[in-house]
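K.L.:
Let me see the structure of the following:
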Amino acid sequence: MMKKKKTKKESSDVVNKGKGEGGNSLGHLAKEDKDGYAATREITLEGEISSIGDSPKREAGNISVEGDPPQRVSTAASVASPLERVHQIVGESQECRKYGESYEEETLLGEGEEEMSDMSTDEMLSGMESDEDVSEEVKQFSSGGELIYKHFYNDEINALSQEIQEKERLLGEVNKTVWVLKNRFVKLEKHIKSKKKEMAKRKKLVEEKKKIEEEENGACVNIQAKNHFLTKQNEKLKYERERNNEKIIRTQNDLMQCDHSIEEMKEKLIDKEKELKEWTLQIDKLQKEEFEVEKFALCQDKEIENMSYKLEKLNLERVEQEKKVNTMKTKNMQLQMELQANIKENEQMEEEKKKLRTKCKCVVDTINNRDQTIFKFEEEFTRYAKKREKLTHSCKAINEHIETQRGKNHLLSDQLKREESNLSKLKREVGKIQEELKKAYDERDILIKDLDCEKITTREKLEEKNNLQVSLTGLEKTLHKLTQSFEESKREYAKEELNSVEKNQLIKSSEQILTEQNGKLAKLSSKIKVLDEEKFKLQENLQKSKNEYTILEADMVGTQIKIKQMKSNIKKMEQELERQKEILYKFDFQTQVLTKKLNVASGISTFEKKKKSQKKIDTLEKEFTRYEEIYNTLNNEMKRISVELKNIKNQQMCMKEEKGNILQDTEKLELEIKSLESNVLTQNKEKENVMLIEMNLKIELDKMKEIFSNNLDSLNVLKKKKKENVQNEKLSEQDMNAHVDSLKVIVKNMNDELHKLNLQVHDRKSRCNNLELKLDAINVRSGEEEYQQRGEEEGGRPDRPDAQDNQHIHYKIKIEEDISKLKQEIETLDALIEKENQQVEQFQKTLNEIIQTNKSFSENIKCIDPQYKELLKKKNKLNKKCDQIKDDIASIEKHISEYKKKINGVENELNDVISDVRSVEDKVTALQENSRKMEGTINDIFVKIERASNQLRGLVGAKKKPLSSQLGASQSDDDGEDAPTGEATPTGGGAEQRAEQVPLEKRVFKQIQMESLKEKLALLFECFQSHGDNAVVREIYHVIEASE
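P.N.:
Residues are numbered from 1 along each chain as shown. Below you'll find the predicted structure:
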């Protein structure tokens, strides 16, 4: 930066010196014609005007350069004054000084500006001429030559000589400044010697300049060829315009198709709304049917409650019977204990009887000699003995009856044990069969679930296959379109390498479209995945409901009639569910079709964006009117943009790299297509495997059905056995009741016999009392008689005891002993009677206990009944399942509401898409208008360019011949001055000398035009920075960057 500042200061000092020597400062004014053409720069020098004198003022012709190789200056068709020519030359010298400063800056800006190519302006103007220019050019040559020769034979020759002298003086000053600048340039070159490539390029540029010098003579021929080339390019441009118009028409047609597709989408949305209404009606029907099913379930619950109540009653009866049996058992045990006690007591009685018999024999032996009273007593005693024998016989009969009852009780207990063992076996068998049934049902449910899952997976895979095939077809179509567009772009690129800007935009737009399509494909895949997940959830819910219905079917096997009814209802429900599934699948398919159509519409919109981007360029050209001054100056000075051709070449390399990237992308797409095809093949193989699995599952299902039928047959057999066991139990209960009735009759007989015995005991007691009274009376009489006898005997024999008196006392003693014994026997009989009464009461208690035990036994049997427990379990399961079904219905309703919300969201998105399409249509109309206006402006610009080129050609042809001699002299002077520069640069001296053979005027004009171009570019970049937010300005900036 310091070096740059120094060089600028030095160049400004040199210019100031020149100003001092001239005596006055220099100034230049840029003027423009009414038509917008860039006017010549008029440079006034006050000192020069004063030295010339009162010479008349003449107009100067427009000076420009047709190209770098010829660099010929010519006068205009009108008469040019020598004074104004002097002004022009002074201005050129001043601009040459400015060029020294700008050239020094350019050397430090880098490779792009250091390596300046001397490409001819004819090549830069190759895109701006038409066929009509050739005839106009010939006329200008003829007319311009005549005018020049007319004026050269007048007094202007003296003025021209004076002007030439002044030019030489000014050129000496300019050469000094150039010498200083060259020294500085040499210093800068010392820093850049290491860059061999730059030197080689400069050598190439010098060689090109040599060739250009040699080709100066054939400039006119080149101009004609270029004019011919320009006509061809104009024809190409016209053809491109027609193609653009056709593309515009196509876009309009595409927009119309989009409108039709949007209307079709609206109609489809209306149809979908109708389908949703039908769906809601079907849901209402399903809800009603579910309500009826719930009613049916409630009726079944009531029936189950009634059955359970009946079973509870049966269980209670069974428990009571069991209690009765237990009481009977306990009573039997008590009776056994009592019988054993009675047996012991009978044995004691027999022993006592034996003792009494012995005693009776003794008493009979003693009483044989007694009185008639004792004989009567013996008769009564014999009666009493007979009655006792009767009692013993009755006791034996009772014992025999008890023994028979014992045998019967043993038989009943054995039967009960057998029946209990049979019941336990039956319960075990029933449990095993129920377990096997449960396992079979579970296996059947699992198989049904697996079948449903596999069916659903197969359907999903089929749908996925269809979707993939559709997507493959779409991708193939897009690939075909892309390949076609790529081939077209290739052809256009081969044909139109000069118009690289448009092709860059096309390639960028194609890349953007590819990226957008990839992004849309990713979005579509994500949306499809989300929809598949939602579908899978809904299918899971439906599977759960189906499984629950199958479980309900399995649970309702109890009653065949109810099972048939439930099966019919369930079949109806399954058919409705399948219809719902079909509706869901149709709805999903329609949503997929809609999404695909939306994607197609979005793809069309992206394809339209290509055309819109091309149309935007046309709209951008509208705003070029604001910058007409800058644009006109650029068109007049575009001939000197040879420096920027290297950037174009670099861009061409970038384009080639981008082509390679596009080819790589196409290869990647082909690989992806191959991978998709391999995936499709694998899916087909998986489908075949799934079909084989389905066949195996069907075979297994048939086997399971056979097993299930066998189990049902075994169940029916067990049910028959169960009925027989129930009948046997009822018969056993009847036998038990009959036995209890017989026991009641026996107890009644025992009570009657006890009553009779009580009466007999009472009679015996009364007789005993009578006998005691009689004995007392006898004792009194005997006592009186004995007292009388004792008195008589004492009176007769007072000293001798009588033997009869002793016998009588002994007899009394025996009688008293017998009386005491009889009393004891009576007391024992009373005790026995009391015991018998107690036994009777105990019998009654045992009977009551047996009845209670029978009741408790029946209740226990009811509780033990496995069917009752199973029914309770089934009831609980059914209640739980009903609750689950209600929850599932609520969840399904929630899903339906969510689905409706999603549909509303989709409708909103469609409305947004419609609004976007409308906005796009508005933009398309605006772009069409802008393109029309830009076409008008471009036509105006081409007309102006053609006019400027014609004028330049006339000037070059007019000034070619008269100025050749004067320019030769100036070239010799330049060679003499440039000799030391060759010494300063030993490496490239020959090349510089050859370059300096070009006239100074041409180089000065070249530097001036390059400087002005850079200034205008700087102004453009300032405009871009200040108005960067504007889309039009941004597009222009991108175009300029691409051209660089």
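K.L.:
same question for whatever helix or strand Arg428 lives in, mean pLDDT?
P.N.:
Applying DSSP states H and E as the criterion places Arg428 in helix 372-495. pLDDT averaged over helix 372-495 equals 74, rounded to a whole number.
K.L.:
Please apply the same query to stretch 356-369.
P.N.:
The model assigns stretch 356-369 a mean pLDDT of 67.
K.L.:
do stretch 276-294 as well
P.N.:
What stretch 276-294 shows for mean pLDDT is 75.
K.L.:
Please apply the same query to stretch 657-675.
P.N.:
Average pLDDT, stretch 657-675: 74.
K.L.:
Stretch 235-242 now?
P.N.:
Mean per-residue pLDDT for stretch 235-242: 78.
K.L.:
Let me see the domain layout of the chain.
P.N.:
Following the TED database, one finds the domains of the chain at 155-332, 811-864, 879-953.
K.L.:
quick one: average pLDDT of the strand or helix carrying Met573?
P.N.:
Using DSSP H and E, Met573 falls within helix 560-620. Average pLDDT, helix 560-620: 67.
K.L.:
do the same with stretch 727-739
P.N.:
74.
K.L.:
Make 313 the starting number, not 1.
P.N.:
Will do, 313 is the new start, and the previous item becomes stretch 1039-1051.
K.L.:
buried sites along it?
P.N.:
1041, 1044-1045, 1048, 1051 (16 or more other Cβ atoms under 10 Å). For glycine as for every other residue, the C-beta is placed from the backbone atoms N, C-alpha and C.
K.L.:
okay, that stretch in PDB with CA atoms only?
P.N.:
Provided in PDB are the C-alpha atoms of stretch 1039-1051 (Å, rounded to 0.1, in the frame of the first residue of the first chain):
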ATOM      1  CA  GLN A1039     -77.900 -88.000  39.000                       C
ATOM      2  CA  ASN A1040     -76.000 -90.500  41.200                       C
ATOM      3  CA  GLU A1041     -75.500 -87.800  43.800                       C
ATOM      4  CA  LYS A1042     -79.200 -87.000  43.700                       C
ATOM      5  CA  LEU A1043     -80.000 -90.800  44.100                       C
ATOM      6  CA  SER A1044     -77.600 -91.000  47.000                       C
ATOM      7  CA  GLU A1045     -79.200 -87.900  48.500                       C
ATOM      8  CA  GLN A1046     -82.600 -89.600  48.200                       C
ATOM      9  CA  ASP A1047     -81.200 -92.700  49.900                       C
ATOM     10  CA  MET A1048     -79.800 -90.600  52.700                       C
ATOM     11  CA  ASN A1049     -83.200 -88.900  53.100                       C
ATOM     12  CA  ALA A1050     -84.900 -92.200  53.300                       C
ATOM     13  CA  HIS A1051     -82.400 -93.500  55.800                       C
END
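K.L.:
Contacts for that stretch next, please.
P.N.:
Here stretch 1039-1051 makes contact (Cβ atoms under 8 Å, 6 or more residues apart in numbering) with 633, 636-637, 640, 720, 724, 727-728, 731, 1166.
K.L.:
hmm, 6 Å instead?
P.N.:
Residues from elsewhere that reach stretch 1039-1051 (Cβ atoms under 6 Å, 6 or more residues apart in numbering): Gln633.
K.L.:
again, but for stretch 699-707
P.N.:
By Cβ under 6 Å, 6+ apart, stretch 699-707 touches no other residue.
K.L.:
for Asn1023, what are its contacts?
P.N.:
So Asn1023 contacts 749, 752 (Cβ under 6 Å, 6+ apart).
K.L.:
pLDDT score assigned to it?
P.N.:
For Asn1023, pLDDT reads 72.
K.L.:
For it, identify the helix or strand it belongs to.
P.N.:
Here Asn1023 is assigned to helix 957-1108, by DSSP H and E.
K.L.:
Look at Lys789 and say how many residues are nearby.
P.N.:
12 (other Cβ atoms under 10 Å).
K.L.:
With Val782 as the reference, measure out to it.
P.N.:
According to Cβ to Cβ, to the nearest Å, Lys789 and Val782 sit 11 Å apart.
K.L.:
Only the buried residues of stretch 646-659, if you could.
P.N.:
646-647, 650-651, 654.
K.L.:
will you turn these into a markdown table that also has secondary structure?
P.N.:
Output for the buried residues of stretch 646-659, formatted as a markdown table (DSSP: H, G, I helix; E, B strand; the rest coil):
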| residue | secondary structure |
| --- | --- |
| Gln646 | helix |
| Leu647 | helix |
| Glu650 | helix |
| Leu651 | helix |
| Asn654 | helix |
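K.L.:
Reformat those as a markdown table; add distance to Met1003.
P.N.:
Below are these laid out as a markdown table (distance: Cβ to Cβ, whole Å):
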| residue | distance to Met1003 |
| --- | --- |
| Gln646 | 78 |
| Leu647 | 79 |
| Glu650 | 83 |
| Leu651 | 83 |
| Asn654 | 88 |
